[in-house]
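Student: Below is the sequence, then the predicted model.
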Amino acid sequence: MRAELIDGKKIAESMRAELRPEIEALRAKGVVPGLAVVLVGEDPASQVYVRMKGKACEQLGMHSETIRLAAETTEADLLGVVARLNGDPMIHGMLVQLPLPDHINETRVLHAILPSKDADGFHPENVGKVSIGDPTGFRPATPYGVQQMLVKAGVTTRGAHVVIVGRSNIVGRPMASLLLHKGDGGDATVTVCHSRTRDIGAVTRQADILIVAMGKPEFIRGDMVKPGAAVVDVGVNRVDDPSVEKGYRLVGDVAFAEAAEVASKITPVPGGVGPMTITMLLYNAVQAARQWAT
Ligand code: GUN
């Protein structure tokens, strides 16, 4: 392997440590940053994420509340939970884990979250703020984590051509907004590709920095990466593997071994973007508590 690994776990740990003094300062003022996480149903991956989010809060001395609701919960009942959390003074930030069951309208739920408590940054008020570079807006945790990871790993975005593969509201679109901001981790030239892009390899091969978030296991092959590029793999896919006890293993959207022969830096899956996402969610919860306290 030629490429240097970008160790998301290590960067995430050091960023969590940087957050401690601010949490302690808020606690000293009588404000314990509180994050509520709402999970509807039993999606196994979501259960893992939700457990990790709660644990991460507790480790940093934050208040955390996890609300687990049955898959049959009605939209009205879920909106009731959101309204209660909107009014709960112990809770500064909240999120509703996605995806939601089909009978619940995701947009209605996300719009019901008070923008000042929207730790995920999915409410249109925050989407708008992030898009115009207003720092009081909450940046969605995954693209925020990718951006911070690039900064900490010494990958310069200024003037670089960043190609994003995927146009989701959770990753691709906000990623483009963040990279267009002025300053560290921004100032990039951004191209966004998606499932309808013609000859996608011809576009990805132009990337100085390639960020992949499309949800297709090992879609990006080695010959789609420009030699010397930095590659960030946001994908987490379960693929069957009878040779391991669990019966599956996790792979990203990038064929890691191939891409690592061509890239200069690359993130692994797992241990890349995942730990950063949870860390940036904690940053958002602390930002919510700070904005509430001032
Ligand atoms: N599902 C996948 N990613 C996310 C995320 O960042 N936030 C929430 N709430 N759900 C998700």
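Tutor: Arrived safely.
Student: where exactly do the helices run in the stretch 51-200 of the chain?
Tutor: With DSSP state H, counting those that start in this stretch, the ranges of helices along the stretch 51-200 of the chain come out as 75-86, 106-112, 124-132, 141-152, 172-180, 200-204.
Student: just so I know, which of the ones you listed lies nearest the ligand?
Tutor: Between the ligand and the helices of the stretch 51-200 of the chain, the shortest gap by C-beta to the nearest ligand atom is with helix 141-152, which sits at 5.2 Å. For the C-beta atoms, the positions are set from N, CA and C on the backbone; glycine is no exception.
Student: and Arg174, how many residues sit next to it?
Tutor: Not Arg; residue 174 is Pro. Residues near Pro174, counting by other C-beta atoms under 10 Å, number 25.
Student: tell me the contacts of it?
Tutor: Contact partners of Pro174, counting by C-beta atoms under 8 Å, 6 or more residues apart in numbering, are Gly121, Val127, Val130, Arg139, Pro140, Pro143.
Student: Hmm, the fourth one is touching Leu178, no?
Tutor: Yes - counting by C-beta atoms under 8 Å, Arg139 touches Leu178, with 6.3 Å between them.
Student: Give me the common contacts of the two.
Tutor: Common neighbours of Arg139 and Leu178, counting by C-beta under 8 Å, 6+ apart, are Val130, Gln147.
Student: Please name the nearest non-neighbouring residue to the one residue in the chain that gets nearest to the ligand.
Tutor: For the chain and the ligand, the shortest gap (C-beta to the nearest ligand atom) falls at Leu98, measuring 3.7 Å. Closest residue to Leu98 apart from its sequence neighbours, by C-beta to C-beta, 6 or more residues apart in numbering: Glu106 at 6.6 Å.
Student: anything in stretch 70-89 near the ligand?
Tutor: No - Stretch 70-89 is not in contact with the ligand by C-beta under 6 Å from any ligand atom; minimum separation 12.3 Å.
Student: ends of that stretch, how far apart?
Tutor: End-to-end span of stretch 70-89 (C-alpha to C-alpha, to the nearest Å): 25 Å.
Student: Quick check: mean pLDDT of it?
Tutor: On average, the pLDDT along stretch 70-89 is 98.
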